[in-house]
Structure formats: structure tokens, C-alpha cells
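Have a look at this prediction, sequence included:
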Number of protein chains: 2
Amino acid sequence: MKLTPVMEKYILHWGEMGTRWGVNRTVAQIHALLYLSENPLNAEEITETLGVARSNVSTSIKELQSWKLVKNEPQLGDRREHFATMKDPWELFYAIMEGRKQRELDPTMSVLRECVLESEADKSTPEEVKQRMKDVLEFMEILDTWHAQIKGLPKSTLLKLIKLGAKVKNFLTKK
Amino acid sequence: MKLTPVMEKYILHWGEMGTRWGVNRTVAQIHALLYLSENPLNAEEITETLGVARSNVSTSIKELQSWKLVKNEPQLGDRREHFATMKDPWELFYAIMEGRKQRELDPTMSVLRECVLESEADKSTPEEVKQRMKDVLEFMEILDTWHAQIKGLPKSTLLKLIKLGAKVKNFLTKK
DNA sequence: CATTAATTTCTGTAAAAACAGAAACTAACC
DNA sequence: GGTTAGTTTCTGTTTTTACAGAAATTAATG
């Protein structure tokens, strides 16, 4: 696939940003490429367009699939696998949120619960310290509940809500 | 400072999580230590407690300060600098959000604007591709506006809002 | 303003991550 | 069932990042 200068700029920047949040350059670049692309691409096309090793593409696609950001899109009359990503930024955002929750929030909450539990029969740890661990856990549980509820809302509702912005506090006080 | 087993567990886990979101182990560990600690700690104490080099502590503290997660807390009758972090998870969360916005959202929006601008006089890039760049930019602008408004709200309002959760849609439809 | 405590910056090394290329594997088709 | 196209896994190299220790800098105190 032929890249125009703007497309290249977009993809290169996306690649750099990827490294900021724990996904490597190639993974992020592939995602950007698929996002811009009109139609699904096969691994070979990705390899050529981005100038990376075929094996690297394979690994990166798997990574993107684990984030549910890329799906297979079989093409009639072509054995090769073709890949595409969602075009709606909201959906992408949701998927990334979900992925981060699973990779960051969930394991941390689980360790925190262990800590809180272990600290109950623990004479050596000061009460204030135990309390602080509980505070973090509680905070994360709030985030978690909120996330679960938000997830179920249709995009349109969410958009309204966000657009409402700070005015939302009027609703709350009126209630 | 003496660590009890639970504290150690907490700090070690936090260190691991740190690596997931672009901050290195030591930085995250120091933050966790300061969070649990009753009182501000000086660099030497941090060094001893965590078993890392003094220079490493210095660099990491600077990093934490750049995130506004750690502040100096001078102690009477002690020349050495003492460091502390906020104890309120909400404040921590805000600071991290703000930091991420500055490091991730802002530069990306700026590149995106350039892309959209450059693509106007660009015959080679397909319209659909240009549109997709605009879509991402628009999405990020919504996030950005939302963030700015939320930032101004008192914590109590935000808490109410989050606790309200999915029920919030009732307010919207009624309106 | 010299002395010493405290901190930061610099430099080299160790550890981790990203990646290319090769080898191994899988499955479609003749 | 052999052949070929397609894909994944493995292995070694390169690049990047984290870090310790030393050197340099800063600032407080007598």
C-alpha cells in the first residue's frame, strides 16, 4: 500500500505514542495503518508498507488482537488473512479502556485485596498504613463499578453526557 | 524505614504496575513507599528502604515531581530534603490524568491538527483517509473539553456523579 | 571563604525489549 | 501424499532503557 506524506506522518506519530503507553512502535504503527486504510490488509502488504520484518507483523497483529483492536476479515478468493480495525474512535477507546482495565486495574485490585486481608492479622503494620491500602482499594472499586456501568451505555448517551460537561452538577444538586 | 511484609508486597506490586504504564520500577516503588509512609522521607531513607542507588532515587524523585505526584516537605532542623505524596487516591488519579493528557493527548492533537491542515492542499491522499484523521482529532477534542470541565468540579460532585453510574441516563432522557 | 553535607549530573555497565531472519509448522490444492 | 503458499515460533543481534558508582555541583554553616 502506498502512503502519502500525511499518512506517513500520522503513522509515525502514532508509533511514537504507542511506546508511551506500553505497546511497541510496530504494534502502534500497524494499528494506525489499518485505521487509515480503506480496506483490510494482509500481512505481506503491512510488511512492505511499514518496512518491518514479516515475523514482526505476525507478532504485532497477535498483540493487537489480544486488545480486540484488530479482527480478521477474510477476502473472497484469497487464502491470506486480511486484517482490519474499527473506524470509530469511540469503539477504539472502549477497547483500549477494557484492555487497560484487565491488565492494570484487575490484577492490582486482586493484590490489594490480598494485602488488606493479610494485614488484618498483622500486628507489625501500623493501622494508618493498613487504612491507606484500603483507601486505594476502595477507590479502585469505585472506578471498576463505574466502568462496568458506563460500558453498558449506548454511545449516544455517553456523548450527550460528555457534552453536558460541567453542567452535570446542576442535575445533581437539583436532585 | 522498616517495611513489614504487607508493605513490601504492596510496593513490589506497585513497582511492577509502574512498568506497564511507562514509568520505571524504581519511580513507581518510591511513589508507593511515600504513599504508605506516615511522614515525609529523605532520599537517604528511600535509598536504604528500597535498596537502590542514591542517584537513582534522585532521578526518580525528579520524575515524580514532574508528574506533580511528589512535593518537598522541609523538616525543621534538617537540611536534607524530605519528600511526600498526596494520600488521597482521587488527587493522585487527577495528577496522573493531567500528566497523561500533557504527555499523550496534547502532542497528538497538535500533530493531528498539522495532518488535517496539510491534507487540505493535498491531492494525493484520499478523502476518506483525511476524514478519518479528522474523526480522531474531533474525538480527542471532545475528551479534552470534557477533561477541562471535570477538572474544575469538586471531588464530592464527581463522586456523586460516578456513584450515580448508569442511572445518569434517566436525567438525560428526562431533559 | 573554606569546609562539609546534600544533591544532581555524568559515564559505563547490566538488563530488558524490539526486532530481523531462519526454521518450523499448518493447511490448502493438485 | 507431495508441493507450495501462508503463518507462527524460535534464535541471535541490535537498540533501548534502567541503573550503580563516580565525579561534579550546589548550598549551608562556622
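Perfect, I can see it now.

Pull out the buried positions in the helix or strand containing A:Ile30.
Using DSSP states H and E, A:Ile30 maps to helix A:25-36. Within helix A:25-36, the residues that count as buried by 16 or more other C-beta atoms under 10 Å in any protein chain shown are A:25-36. For every residue, glycine as well, the C-beta is placed using N, CA and C.

and it, does that touch DNA strand D?
No - taking C-beta under 7 Å from any atom of the strand as the criterion, helix A:25-36 and DNA strand D are apart, separated by no less than 8.9 Å.

still on that earlier bit, quick check, nearest of the buried residues of helix A:25-36 to DNA strand D?
Set against DNA strand D, the nearest of the buried residues of helix A:25-36 by C-beta to the nearest atom of the strand is A:Arg25 (8.9 Å).

Tell me who's in contact with the closest one.
By C-beta atoms under 8 Å, 6 or more residues apart in numbering or on different chains, A:Arg25 lies in contact with A:15-16, A:18-19.

gap between it and DNA strand C?
Distance of A:Arg25 to DNA strand C, given as C-beta to the nearest atom of the strand, to the nearest Å: 4 Å.

got a list of what the spatially closest residue to that residue that is not a sequence neighbour touches?
Of all residues not flanking A:Arg25 in the chain, A:Gly15 sits nearest, at 4.3 Å (C-beta to C-beta, 6 or more residues apart in numbering or on different chains). Neighbouring residues of A:Gly15 by C-beta under 8 Å, 6+ apart: A:25-26, A:28-29, A:32.

Can you give me the separation between the residue of chain A positioned farthest from its centre and DNA strand D?
In chain A, the residue that sits farthest from the middle, by C-alpha atoms, centre = their mean, is A:Lys123; the gap is 40.4 Å. Going from A:Lys123 to DNA strand D by C-beta to the nearest atom of the strand gives 31 Å.

Which secondary structure state is assigned to that residue?
With DSSP: H, G, I helix; E, B strand; the rest coil as the basis, A:Lys123 sits in coil.

quick one, phi psi at it?
phi -80, psi -30 (degrees, to the nearest 10).

OK, contacts around it?
Per C-beta under 8 Å, 6+ apart, neighbours of A:Lys123: none.

can you map out the strands along chain A?
Ranges of strands in chain A, per DSSP state E, are A:41-42, A:70-72, A:82-85.

Tabulate these (CSV), appending mean neighbour count, distance to DNA strand C and mean pLDDT.
Below are the strands of chain A laid out as CSV (neighbours: other C-beta atoms under 10 Å in any protein chain shown; distance: least, C-beta to the nearest atom of the strand, whole Å; pLDDT from 0 to 100):
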stretch, mean neighbour count, distance to DNA strand C, mean pLDDT
strand A:41-42, 20, 15, 96
strand A:70-72, 16, 12, 96
strand A:82-85, 20, 14, 97
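
List every C-alpha atom in stretch A:44-58, with coordinates, as PDB.
Only the C-alpha atoms of stretch A:44-58 are listed here, as PDB (Å, rounded to 0.1, in the frame of the first residue of the first chain):
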ATOM      1  CA  GLU A  44       2.500  -9.000   3.400                       C
ATOM      2  CA  GLU A  45       1.100  -5.600   2.500                       C
ATOM      3  CA  ILE A  46       1.700  -4.400   6.000                       C
ATOM      4  CA  THR A  47       5.300  -5.700   5.900                       C
ATOM      5  CA  GLU A  48       6.000  -3.800   2.700                       C
ATOM      6  CA  THR A  49       4.300  -0.600   3.700                       C
ATOM      7  CA  LEU A  50       6.000  -0.200   7.000                       C
ATOM      8  CA  GLY A  51       9.300  -1.800   6.100                       C
ATOM      9  CA  VAL A  52       9.400  -4.200   9.100                       C
ATOM     10  CA  ALA A  53      10.000  -8.000   9.200                       C
ATOM     11  CA  ARG A  54       7.200 -10.300   8.300                       C
ATOM     12  CA  SER A  55       7.600 -12.100  11.700                       C
ATOM     13  CA  ASN A  56       7.300  -8.800  13.400                       C
ATOM     14  CA  VAL A  57       4.000  -8.100  11.700                       C
ATOM     15  CA  SER A  58       2.700 -11.500  12.800                       C
END
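
how about that stretch, does it reach chain B?
No - for stretch A:44-58 and chain B, the contact criterion (C-beta under 8 Å from any C-beta of the partner chain) is not met; the two come no nearer than 13.4 Å.

what does that stretch contact?
By C-beta under 8 Å, 6+ apart, stretch A:44-58 touches A:1-3, A:11, A:26, A:29-30, A:33-34, A:41, A:43, A:61, A:80, A:83.
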